[in-house]
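**Q** Below is the structure, and that's it, no one-letter string:
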């Protein structure tokens, strides 16, 4: 997905929010903002928005001398999501349609995105869960997803954010776990999940966990490790969580299912859905 001109204000907004969260002094804020404005003016719009997201957050980490600015946020939402786990897992177990319920909850967890919601409250997470239980899921997409999971021998599950991965755990627990490898980021970027987050969420007890070798939001294959790219190419099916993975992989020649909330107007317009839609989306080239 290419970068829209409407992404530029979001880059600025994201920069200012991150600097405010870190309590950066005015000199640092001005220096970082000027550099982001310069980079934005020079960027090639053929690249996906997460490519600029990486530039922004690498710059913030360097200028603020904080290697993982969102570490406390990630730890907090990992704990908060785990506190919901038992009740949500029971909902799936007691549902007449467990897979449908688990997919809905996995998508609901995508609300935990500090690239979009820098002041996210747990009340918003609870509302996302309620919305997920009521929102319509495209029946054709659900049927294709079920069929693709059954037919695949090797499934790569691309995680997104810390906290959200607890919701992914609920889905993975009812999928054929022997087929699945779970993927996290290779280094800190916003509140995206790392290996320690996946281990804390209990995923290491279910499936193998690997990282993609890159600290970019989404999955920019050109930046990922050779090992991850090989795994990606060998996978029969990729389950990709979140907007960043959609933005970076929606043109990839691969059998992919995207699970996300369309939290951004640019993404919603690109997909052709209403803002905040809950989506189980087969790759558009199927």
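**A** Arrived safely. For clarity, every value in this text was computed on a predicted model and none was experimentally measured.
**Q** contacting residues for the closest residue to residue 153 other than its chain neighbours?
**A** Nearest non-adjacent residue to residue 153, counting by Cβ to Cβ, 6 or more residues apart in numbering: residue 236, 5.5 Å away. For every residue, glycine as well, the C-beta is placed using N, CA and C. Counting by Cβ atoms under 8 Å, 6 or more residues apart in numbering, residue 236 makes contact with 151, 152, 153, 154, 155, 255.
**Q** separation between the residue lying closest to the last one once chain neighbours are set aside and residue 93?
**A** Taking Cβ to Cβ, 6+ apart as the measure, residue 255 lies nearest to residue 237, with 5.4 Å between them; neighbours along the chain are not counted. Using Cβ to Cβ, to the nearest Å, one obtains 24 Å as the distance from residue 237 to residue 93.
**Q** higher neighbour count, these two?
**A** Set residue 237 next to residue 93 and count neighbours by other Cβ atoms under 10 Å: residue 237 wins out with 21 against 13.
**Q** Wait, the more buried one touches residue 152, no?
**A** Yes: under the criterion of Cβ atoms under 8 Å, residue 237 makes contact with residue 152 at 3.9 Å.
**Q** still on that earlier bit, give me phi/psi at the residue nearest to residue 153?
**A** Backbone torsions of residue 236, given as degrees, to the nearest 10, read phi -80, psi -30.
**Q** one step back: can you say which of the contacts of residue 236 are buried?
**A** The neighbour count (16 or more other Cβ atoms under 10 Å) marks 152, 155, 255 as buried among those.
**Q** Can you pick out the ones from those that are in strands?
**A** The strands, defined by DSSP state E, take in residue 155 from these.
**Q** Among the buried ones among the contacts of residue 236, which one lies nearest to residue 23?
**A** Distance to residue 23, by Cβ to Cβ, is smallest for residue 155 among the buried ones among the contacts of residue 236, at 41.5 Å.
**Q** which residues pair with that closest one across the strands?
**A** Per DSSP bridges, the residues bridged to residue 155 are residue 180, residue 237.
**Q** Tell me which residues touch residue 82, please.
**A** 166, 200, 201, 202.
**Q** ok, and the most crowded of those?
**A** Among the contacts of residue 82, residue 166 has the most neighbours (other Cβ under 10 Å), with 30 neighbours.
**Q** so how far is residue 178 from it?
**A** As judged by Cβ to Cβ, residue 166 and residue 178 stand 21 Å apart.
**Q** Equivalent analysis for residue 41, please.
**A** For residue 41, the distance to residue 178 (Cβ to Cβ) stands at 49 Å.
**Q** Also residue 156?
**A** Where residue 178 is concerned, residue 156 sits at a distance of 14 Å (Cβ to Cβ).
**Q** quick one, which of the two is more surrounded?
**A** Legend: neighbour count by other Cβ under 10 Å for residue 156 and residue 178, higher for residue 156 (26 against 8).
**Q** Okay, that one and residue 37: tell me how far apart.
**A** 37 Å.
**Q** again, but for residue 244
**A** As judged by Cβ to Cβ, residue 244 and residue 37 stand 22 Å apart.
**Q** of the two, who's got more company?
**A** The neighbour count for residue 244 versus residue 37, taken as other Cβ under 10 Å, is higher for residue 244 (29 against 14).
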